[in-house]
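Visitor: I'll drop the sequence and a predicted model, then ask my questions.
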Amino acid sequence: MNKQKVFGYIANIGEVLVLIGAAFWITGWEFINYVFAVGALLFTVGRLFEKHPESTITLRRLYTQRTIGVVVLLLSAWLMFYYDRINGIEIGDYKVHATASAWLLPFFIFVVIELYTAFRIPSELKKEKK
C-alpha cells in the first residue's frame, strides 16, 4: 500500500469521526468533544499530506481553499473545548458572548468550503484531461 492511500484512509477515518462528533454533540457527552478533535486532527493530517496536481491556477486556488477549510475545522475543534475562555473578552466596544455552540459557525464554514471543493476539483481535473 502506498503513502497516498494511507493518507486517504486517514482522512476518511477523520471525516467519519468529525461527523460522529458533530452529530452526537447535542447529547452533551463530554467525550464526544474528544472524538471530534481527534477526527479533526486525523482529517487535517490526511488532507495536508495528500498529493495533488497543481497544474492550473484554478486547481491551486481550490486546494488552497481546501487547506483554509481544514484550518477552520481545527478552529472549530478548539472552540469546542475553550469557548468559555473567550467569553467576556472585550474587542474594542464589543464584548464577546460565547456559548457552548460557538464551534458551529466555523464548522459550517468548513462544510461549505468542503462541499464546494469536493465538486469543483473533480470537475477541473476532468476539464484538464480533455
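Guide: Great, that's in hand.
Visitor: When you work out contacts or count neighbours from here on, use the C-alpha atoms and nothing else.
Guide: OK.
Visitor: secondary structure element for Glu50?
Guide: Under DSSP states H and E, no helix or strand contains Glu50.
Visitor: what sits against it?
Guide: Counting by CA atoms under 8 Å, 6 or more residues apart in numbering, Glu50 touches Gln4, Phe7, Gly8.
Visitor: could you pull out the strands for the protein?
Guide: 90-91, 94-95 (DSSP state E).
Visitor: can you put the contacts of Glu50 in a markdown table and add distance to Ser123?
Guide: Below are the contacts of Glu50 laid out as a markdown table (distance: CA to CA, whole Å):
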| residue | distance to Ser123 |
| --- | --- |
| Gln4 | 21 |
| Phe7 | 22 |
| Gly8 | 19 |
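Visitor: Surely Lys51 touches Lys5?
Guide: No. Lys51 is not in contact with Lys5 according to CA atoms under 8 Å; the separation is 10.2 Å.
Visitor: Tell me the pLDDT of the residue nearest in space to the middle of the chain.
Guide: The centroid of the chain falls nearest to Leu73 when counting by CA atoms, centre = their mean (3.2 Å). The pLDDT attached to Leu73 in the predicted structure is 96.
Visitor: so it makes contact with Leu105?
Guide: No. Contact criterion CA under 8 Å: Leu73 and Leu105 do not qualify, at 10.1 Å.
Visitor: Determine the number of other residues adjacent to Val16.
Guide: Using other CA atoms under 10 Å, Val16 has 16 neighbouring residues.
Visitor: Point out where this structure drops to low pLDDT.
Guide: Scanning the chain for pLDDT under 70 picks out 84.
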